[in-house]
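1. Sequence plus the predicted model coming up.
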Amino acid sequence: MKHTLLATTALVAMTGAAAAEITISGTARIGMVTTEGAAAVTAVTANAAAVAADDTLLDAIAAVATNLDSVTGAVIAAGTLNTTAVTADELVRLDAIRAIVLRQSTEGATAAIRTAATTDLASVDAMRARIVAPITAGSAKASDTTVGKNRVRIAFAGSGETDGGLTYGFSARADHSNTSTGGSQYISGAFGKISMGDLNGGDEQLVGNLSGVGSSGAGSHQEFGYQSSSHNVGYSISMAGVSFAATTDLVRGADATKTGSNSAIGIKWSGDMGGATVGIALGQSKIGTASEDSMSASVSMGGLKIMAVSHSNDNGPAVAAVAETAASSATLTSNARAVSYKARTLAATNLDTDTTGLSLSYAMDAMSVTAYTKTESTSGAADKDYSGVGFTYDLGGATLKAGFVDADDISVMDIGVNFSF
C-alpha cells in the first residue's frame with residue numbers, strides 16, 4: 001500500500017518540468033528466529049606432506065643456524081622432508097632447528113644475528129603449522145539460540161516526466177535507526193534507463209534468486225552470492241519481451257575494485273507459452289580476476305511458480321608457492337649473520353564453486369506455501385546443502401509468515417508477522 005505525499009504539476013522551478021509525484025510507504029516486522037547450535041567436532045590431525053619449497057627453506061635455515069650456534073656447537077645434517085607425510089623423526093629435526101633459532105633470536109651475539117634469527121623463527125613456525133595443521137578443526141557443541149527479529153523501514157519514491165517525454169525518479173530508504181541505508185536515482189526514455197546509486201548487478205537484476213521462507217528470511221540461504229551486488233551505475237532496456245541490463249562500479253571508496261574488470265551484464269526473455277509465463281535469463285560478471293556465470297529459468301501459471309537458478313564461479317588463477325629469501329654474499333661466521341630466510345608465499349588454489357537451486361511456490365486464496373533447495377559444490381570440499389519450507393497467510397495489511405530451514409545440517413526456525421502501510 002502506498003500513500004501519496006505530494007502530487008503537483010509544478011514540483012520544481014525548472015522549465016520543462018511537466019509532472020512529478022513523491023510517495024511514501026513503509027514495512028515492518030516482529031518475530032523470532034531459533035537456530036540450532038552446531039554439533040561438537042573432534043579435531044583430526046596428521047602430519048601433512050611437505051613441498052620442495054619447505055624442504056629447501058628448512059635446509060637453508062639449518063645451515064645458517066648451526067654455523068652460528070656457539071652455545072652448543074650443534075650440527076644438524078641436511079635432510080629431505082617426506083613429500084607424502086612428514087614423519088615423527090623429521091618433526092624432531094625441525095624442532096631441533098627451531099630450538100637453535102629461538103636461542104639465537106634472544107641470545108645472539110649481535111643485534112643483526114638476533115634480528116635475522118627472529119625472521120627465521122617465524123618461518124619455521126609457519127612451516128610447522130602447515131605440516132601439522134588439523135585436517136578437521138575441533139569445536140565444542142554450540143548452544144541453541146533464540147533471538148527477536150524486528151525492523152521498520154520507511155521507503156520514499158519520486159517520479160516525474162518532462163515536457164520532452166523523459167521520465168526521472170529516485171528511491172530512498174530509512175530504517176528504524178534513523179539512518180538512510182539505500183537509495184538510487186534514474187532517468188529513462190526511448191533510449192532505455194540509466195540508474196545510479198545502490199544497485200544490484202545487471203546479472204542479479206535479471207537472473208534473480210530463489211523464493212525464500214520465514215518472516216526475516218531464515219538466514220536468506222535462498223539467495224546466491226552475486227559478486228556484482230555493490231555496483232552503482234547501470235543501464236537497462238526492454239523491448240519485445242527481451243530485457244538487457246549492464247552495470248559497473250565507479251570507484252567510490254577504498255573497497256572498490258581499482259584493477260581488472262568490474263562489470264556485470266544480464267539478458268532475459270519472458271513470454272507467454274500455452275497460458276504459462278516463462279522466463280529464461282543469462283548473466284555474467286567479472287570483478288578483478290574472478291568471473292561468474294549465472295542462469296535461471298522460471299515458469300508461472302495460476303498460483304504456481306517454479307524457479308531454477310545456477311551459478312558457476314571462476315575465482316581466478318591459482319597462485320604457486322614461492323620460497324622468498326633475503327640473501328647476501330657475505331661470509332657467515334660465529335660473529336656475523338648475513339642471511340635471513342622468510343617463509344614462502346603460500347599457494348592459493350582459488351577453487352571454483354558451482355551452485356544450483358530450485359524453488360516452488362503455490363498461492364491459494366490468502367495462503368501460500370514455498371519450498372526450496374540449494375547445493376553449493378566446491379572442488380576438494382564437501383558439498384553444502386540448504387533447503388527450506390514455509391507458508392504465509394494474508395491477514396489483510398499484515399501477513400503471518402513461518403519457515404523452517406536446514407542450513408547444511410543446522411536447523412533454523414523463523415516465525416513472525418510482517419505488515420505494510
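-> Happy to help now that I have it.
2. Does anything pack onto the helix or strand that contains Thr375? Which helices or strands?
-> Using DSSP states H and E, Thr375 maps to strand 367-378. In this structure, strand 367-378 makes packing contacts with strand 353-364, strand 384-394, judged by 3 or more CB pairs under 8 Å, 6 or more residues apart in numbering; DSSP states H and E. Where C-beta positions appear, they are placed from N, C-alpha and C, glycine not excepted.
3. Downstream of the helix or strand containing Val152, the next helix or strand is which one?
-> Element membership for Val152 (DSSP H and E) is strand 145-162. Once strand 145-162 ends, the next helix or strand along the chain (criterion: DSSP H and E) is strand 167-175.
4. Tell me which residues are up against that following strand.
-> 151-162, 180-189, 197 (CB atoms under 8 Å, 6 or more residues apart in numbering).
5. at 7 Å instead, please
-> 151-161, 180-188 (CB atoms under 7 Å, 6 or more residues apart in numbering).
6. got any ranges where the stretch 1-150 of the chain has weak pLDDT?
-> 1-19, 44-46, 67-78, 83, 133-137 (pLDDT under 70).
7. Neighbours of Arg29, how many?
-> For Arg29, the neighbour count with other CB atoms under 10 Å is 19.
8. hmm, back to that, quick one, which of the helices and strands packed on strand 367-378 is nearest to Gly217?
-> strand 384-394 (9.5 Å; CB to CB).
9. other SSEs contacting that closest one?
-> In terms of contacts (3 or more CB pairs under 7 Å, 6 or more residues apart in numbering; DSSP states H and E), strand 384-394 is packed against strand 367-378, strand 398-407.
10. 10 Å - rerun?
-> Applying 3 or more CB pairs under 10 Å, 6 or more residues apart in numbering; DSSP states H and E, we find strand 384-394 packed against strand 353-364, strand 367-378, strand 398-407, strand 411-420.
11. and those as JSON lines, adding mean pLDDT and mean neighbour count?
-> Below are those laid out as JSON lines (pLDDT from 0 to 100; neighbours: other CB atoms under 10 Å):
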{"stretch": "strand 353-364", "mean pLDDT": "95", "mean neighbour count": "17"}
{"stretch": "strand 367-378", "mean pLDDT": "95", "mean neighbour count": "18"}
{"stretch": "strand 398-407", "mean pLDDT": "96", "mean neighbour count": "20"}
{"stretch": "strand 411-420", "mean pLDDT": "94", "mean neighbour count": "18"}
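12. Any chance of JSON lines for those, columns distance to Val242?
-> Formatted as JSON lines, these follow (distance: least, CB to CB, whole Å):
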{"stretch": "strand 353-364", "distance to Val242": "24"}
{"stretch": "strand 367-378", "distance to Val242": "27"}
{"stretch": "strand 398-407", "distance to Val242": "33"}
{"stretch": "strand 411-420", "distance to Val242": "32"}
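13. host element of Lys286?
-> strand 276-288.
14. Could you list every helix and strand that that strand packs against?
-> helix 202-207, strand 242-248, strand 261-273, strand 290-301, strand 304-314.
15. Show me what counts as buried in that strand.
-> Gly279, Ala281, Leu282, Gly283, Gln284, Ser285, Lys286, Ile287 (16 or more other CB atoms under 10 Å).
16. Work out the sheet partners of that strand and label each with its direction, please.
-> If you go by DSSP bridges, strand 276-288 pairs up with strand 261-273 (antiparallel), strand 290-301 (antiparallel).
17. okay if I get these as CSV plus mean pLDDT, mean neighbour count and distance to Gly169?
-> Listed next are those as CSV, based on pLDDT from 0 to 100; neighbours: other CB atoms under 10 Å; distance: least, CB to CB, whole Å:
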stretch, mean pLDDT, mean neighbour count, distance to Gly169
strand 261-273, 92, 18, 21
strand 290-301, 94, 18, 27
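18. so which of these comes closest to Val124?
-> Nearest to Val124, of these and by CB to CB, is strand 290-301 at 33.6 Å.
19. The closest one versus strand 353-364: what angle between them?
-> 20 degrees (axes from the mean of the first three to the mean of the last three CA atoms, to 10 degrees).
20. Give me the distance from strand 290-301 to the chain's centre.
-> 18 Å (CA atoms, centre = their mean, to the nearest Å).
21. Also stretch 197-211?
-> 15 Å.
22. Stretch 401-408 too?
-> With CA atoms, centre = their mean, you get 21 Å for stretch 401-408.
23. Can you show me the CA trace of that stretch as PDB?
-> The C-alpha trace of stretch 401-408 is given here as PDB (Å, rounded to 0.1, in the frame of the first residue of the first chain):
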ATOM      1  CA  LYS A 401       5.000 -15.900   7.900                       C
ATOM      2  CA  ALA A 402       6.800 -19.000   9.200                       C
ATOM      3  CA  GLY A 403       9.600 -21.100   7.800                       C
ATOM      4  CA  PHE A 404      11.900 -24.000   8.600                       C
ATOM      5  CA  VAL A 405      15.400 -24.200   7.000                       C
ATOM      6  CA  ASP A 406      18.000 -27.000   7.100                       C
ATOM      7  CA  ALA A 407      21.200 -24.900   6.600                       C
ATOM      8  CA  ASP A 408      23.800 -27.500   5.900                       C
END
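24. picking up where we left off before, any quick ChimeraX command for the buried ones out of the contacts of strand 167-175?
-> Buried subset of these, written as a ChimeraX selection, criterion 16+ other CB under 10 Å:
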select :151,153,154,155,156,157,158,160,161,184,186,187,188
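25. Any idea what Thr247 is bridged to?
-> Gly234, Ala264.
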